[in-house]
Structure formats: structure tokens, C-alpha cells
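S.K.: show me how the following folds:
(4 chains)
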Protein chains: 2
Amino acid sequence: MDSRFLSGSVEMLILQIASEGDTYGYAITQEAERRSGGYFELKEGSLYPALHRMERRGLLESFWEAKETGRRRKFYRITAEGTRSLEVQRASWQEFVRGVNGVLGLEAHGLT
Amino acid sequence: MDSRFLSGSVEMLILQIASEGDTYGYAITQEAERRSGGYFELKEGSLYPALHRMERRGLLESFWEAKETGRRRKFYRITAEGTRSLEVQRASWQEFVRGVNGVLGLEAHGLT
DNA sequence: TCGTATACCTAGGTCTGCTATGCACAATTC
DNA sequence: GAATTGTGCATAGCAGACCTAGGTATACGA
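M.R.: All right, here's what the predicted structure looks like:
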């Protein structure tokens, strides 16, 4: 993965995955990697601080899995504000891609 | 412009514009804005440090316009290494877009 | 038992974009 | 001809975000 472009996308990717059901840190890294065809390898040093930020900002809320024994997992659930933010960020992302492609002279067919 | 996603793209955009002919700082901001349909407004505080970085790294070389009077302009010319870097970055950009769109569930038709 | 996978966390470094500011000349407007 | 806007370069210092590297711990297969 080229992390040059990653900055600013991590939170959107996390929100997207969280928007499809409660999830936890490690699962997010796996899912992002799977869905991007192996492209994204979210590092823990990026992921966990991002999750904490997003919780502080009210985009996510968290709870520890109720389990007496075994591995502990901290689950995250998207909030109403997180859902709104995701919509904004998805639109913003598509604008951004159009902007860059415009400068690069690339055409983006089919992407609205 | 949403500068959230911008990180890491500025240098590619500069390289692209410089690859089409010698240019200078102010002209780059105008060209980026024009070609992105008004989306990009490169700030001077981002642009000039980026140009200096890129020159240090050997991606660009600069020369002052030979002009006795009037405004002084510092022109930049892409180097062979800059050209190679641009190719790499363009490919990397397209991979990145595919990766993000994959996670977001967006299809990118026509973009290879 | 040892390695690998799963699972969380943080300190500190680095990079990059931004705001704010300063300097200077040109062109236009009043 | 004075004031404003546009063109043009530059830097200091702040803030944000990603990474490396390290720490802790359980589960499971060889």
C-alpha cells in the first residue's frame, strides 16, 4: 500500500465498515484489506488512535464484549452523527477524486 | 475544497502540471483550480514548501526568469527523476482510488 | 513448548497542510 | 494620484494524522 494518499481516508473507511454493523479494531483491519483486494493494510498505530478520536468526537460509541473469559474485544457502533458524517465524507471523496482526475487528465466514467 | 484527502496529492498535482511545460508557483495554483473545476485552492503555505521539498529531492529544478524589470517569477522544470516519479504516483493514485472505492462499495467503470 | 494469529494500547517521530505574516511590483478603480 | 486588488515569492509556527516500535495478553496448532 502507498500510504501517501491514505491520510484523511482512514476515518471514512472505518465509518463505512462500522456503518454495516458493530465491529472491532482487528476486524476492521481485516475487512479493509479484504475489500480493497489486499491494498489496505491499516496499521495499529493508525487504527486505534483513529477509533479513539472518533469516539471522542461522537462518531462512534464503544463497549467491551460481555465475555468472562478469552480474548477481549472492544466493539464500536456508529452513532447518528457518525452516519451523517459518513454521508458527507463519501460525497466529499467523490468530489475529490473528480478534482484530482481533472488535473491528471483522467476521465471518471460512471462515477457520479 | 475539503483538504482532508489532500495530503500526499499535492506533489503529484504539481508534478503533473510541471510535466506539461515549465511553470511557476502562482501559475500552478491557477491551473490546478481551473482544471479541477474550481475544486482545488492550493494555499501558498502548502505550495511553496512543497516546491522546495521537491527540488531538494531532485524531482524539479528551478531558475529565475531572466527579466530586468517587473515581477520576478521562479520557474520550475520537471527532471527525469520527476517524470519517473509522476508515472509511479499516477499508477499509485489509481490503485488507491480502486482500494477506497472497493471498501465504500463504489464501482469505478472505465478507470483502469 | 514455541511460533503464529488474534486483540488491545501508547509514546514519540515525521511529514504535510494550514494560518498568518511579510515583502514587492502591477493594474485597475475611484 | 491614491487606494484597492491581483500577481508573485517566502517562512514561522501550529495542528493533524500516519508510522515505527514497543508493551501486554489469550488462543491454537505443530
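S.K.: contacts only, for residue A:83.
M.R.: Contacts for residue A:83 (CB atoms under 8 Å, 6 or more residues apart in numbering or on different chains) come out as residue A:19. Where C-beta positions appear, they are placed from N, C-alpha and C, glycine not excepted.
S.K.: how far away is it from residue A:9?
M.R.: Separation of residue A:83 from residue A:9 (CB to CB, to the nearest Å): 18 Å.
S.K.: next, count neighbours for the closest residue to DNA strand D within chain A.
M.R.: Among all residues of chain A, residue A:45 sits closest to DNA strand D, at 2.2 Å; criterion: CB to the nearest atom of the strand. When neighbours are counted by other CB atoms under 10 Å in any protein chain shown, residue A:45 registers 8.
S.K.: then residue A:104?
M.R.: Using other CB under 10 Å, residue A:104 has 20 neighbouring residues.
S.K.: from what I can see it touches residue B:91, true?
M.R.: No: Residue A:104 is not in contact with residue B:91 according to CB atoms under 8 Å; the separation is 11.1 Å.
S.K.: could you measure from residue A:102 over to residue B:2?
M.R.: Residue A:102 is 15 Å from residue B:2, by CB to CB.
S.K.: secondary structure element for residue A:77?
M.R.: For residue A:77, the host element (DSSP states H and E) is strand A:74-78.
S.K.: ah, wrong one, I meant residue A:27
M.R.: Assigned by DSSP H and E, residue A:27 falls in helix A:25-35.
S.K.: in that helix, what's buried?
M.R.: The neighbour-count check on helix A:25-35 (16 or more other CB atoms under 10 Å in any protein chain shown) flags A:25, A:28-29, A:31-33, A:35 as buried.
S.K.: format these as CSV; extra columns: pLDDT.
M.R.: Formatted as CSV, the buried residues of helix A:25-35 follow (pLDDT from 0 to 100):
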residue, pLDDT
A:25, 96
A:28, 97
A:29, 96
A:31, 96
A:32, 95
A:33, 93
A:35, 92
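S.K.: any low-confidence regions in chain A?
M.R.: A:1-3, A:67-69, A:108-112 (pLDDT under 70).
S.K.: let's see 90
M.R.: The model of chain A has pLDDT under 90 over residues A:1-8, A:37-39, A:41, A:65-72, A:107-112.
S.K.: the residue of chain A closest to DNA strand D in helix, strand or coil?
M.R.: Secondary structure, DSSP: H, G, I helix; E, B strand; the rest coil: residue A:45 is helix.
S.K.: could you measure from it over to residue B:5?
M.R.: 20 Å.
S.K.: helices or strands next to the strand holding residue A:77 in the packing?
M.R.: helix A:10-18, strand A:23-24, strand A:60-64 (3 or more CB pairs under 8 Å, 6 or more residues apart in numbering or on different chains; DSSP states H and E).
S.K.: give me the sheet partners of the second one and which way each runs.
M.R.: Read that as strand A:23-24. strand A:74-78 (antiparallel) (DSSP bridges).
S.K.: does DNA strand D have contacts with the strand it pairs with?
M.R.: No: using CB under 7 Å from any atom of the strand, strand A:74-78 never reaches DNA strand D; the gap is at least 12.2 Å.
S.K.: cheers, nothing more for now.
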